[in-house]
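Engineer: Just to be clear, the model below is a prediction. Sequence and coordinates:
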Amino acid sequence: MKNVVVIGSGVMGRGIAYVSAAGGFLTTLIDINENQLKHAEKEVNAIFEKGVLRKKLTLESMEEAKSRLHYSISLSQNVKEADLVIEAVPEVMEIKKNIFEVIDQHAKAQCVFATNTSTMSPTEIGSFTKRPDKVIAMHFFNPVHKMPLVEIIKGLETSEETALFIKRAAEQMGKETVVINEFPGFVTSRISALVGNEAFYMLQEGVGTPEEIDKAIKLGLNYPMGPFELGDLVGLDTRLNNLNYLHAKLGEKYRPAPLLEQYVKAGRLGRKSGRGVYDYRSKED
């Protein structure tokens, strides 16, 4: 495998493009929004530079990786030569459907398609193509360049060959992997959604402040981040979308806390909006 195309230049997409290029793949990051793409290029270059400062990369390896990474607004043209396409657009099934229908028309027959989703069905996404055996979920974690795991989720029709192909690709990107079968929420999202939602119920009930609850979880349960810190990083709107999906699929234990819904309605989405559970407006990111 040589050529990787990543669709969507948001936080996840640009992170995936970075680890792909750093892992030795010729990589193209695609977005229909040219301004978003330019912003992504700036952010990726900053990650490269920090990698050199922290001695994770040499100057030479940074320049080689950057030379393998390209940016484009043309989807159909770039997927023609792709061996692997990784979709990293918002968690809206209609958007994913449109993308997979387009790439299925233009990609070569042996190309494998992966969706970077934390909850959505690779089986359903595979049904939008004529190659469901070559469709799989490849769940990266934020920030992609720091988090070691890729959760690989096989759909009903996904072949073992496809799962092995993706496992090897993820390992070349420097990641640890788990390969599991599809069920709503997979492994990590089911647990993370429950913990994050319960933290909002506790905050709503006045059990403690966000700082106290986060500290208790970090020091008492040995989590690297508290549930509110993580929610603000991921995006409270994303967390709410995931909970709504899991509530519909798995029942009452995933019903979103009313306080979480209020925060999202108020535009308090987390770091990306400057304010979530915590206020980031006067802090440097």
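Structural biologist: Perfect, thanks for sending it.
Engineer: Which parts of this protein are helices?
Structural biologist: In the chain, the helices defined using DSSP state H lie at 11-22, 34-53, 59-68, 75-79, 93-106, 122-126, 160-172, 188-204, 210-221, 227-234, 236-250, 258-265.
Engineer: could you dump those helices to TSV with distance to P148 and mean pLDDT?
Structural biologist: C-beta: built from backbone N, CA, C; applies to glycine. As requested, the helices of the chain are exported to TSV (distance: least, Cβ to Cβ, whole Å; pLDDT from 0 to 100):
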stretch	distance to P148	mean pLDDT
helix 11-22	11	96
helix 34-53	15	95
helix 59-68	19	95
helix 75-79	28	93
helix 93-106	26	96
helix 122-126	22	96
helix 160-172	10	98
helix 188-204	12	95
helix 210-221	19	98
helix 227-234	16	94
helix 236-250	21	91
helix 258-265	28	98
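Engineer: Buried deepest among those helices, which one?
Structural biologist: helix 11-22 (a mean of 26; mean count of other Cβ atoms under 10 Å).
Engineer: Please state the offset of that helix from the chain centre?
Structural biologist: Computed by Cα atoms, centre = their mean, to the nearest Å, the chain-centroid distance of helix 11-22 equals 10 Å.
Engineer: From T28, how far out is the residue nearest to E91 when sequence neighbours are not counted?
Structural biologist: Distances taken as Cβ to Cβ, 6 or more residues apart in numbering put N241 closest to E91, at 5.5 Å, once the chain neighbours are dropped. As judged by Cβ to Cβ, to the nearest Å, N241 and T28 stand 28 Å apart.
Engineer: What distance do you get for the residue nearest to E91 to S121?
Structural biologist: To S121, N241 is 14 Å away according to Cβ to Cβ.
Engineer: coming back round to it: right, so of the helices of the chain, which gets closest to M147?
Structural biologist: For M147, the closest of the helices of the chain is helix 11-22, at 8.8 Å, according to Cβ to Cβ.
Engineer: Just the residues contacting the closest one, thanks.
Structural biologist: Residues outside helix 11-22 that contact it (Cβ atoms under 8 Å, 6 or more residues apart in numbering) are 4, 6-7, 9, 27, 29, 31, 40, 43-44, 47-48, 51, 57, 61, 65-66, 68-69, 86, 88-89, 116, 140, 142-145, 173-175, 272.
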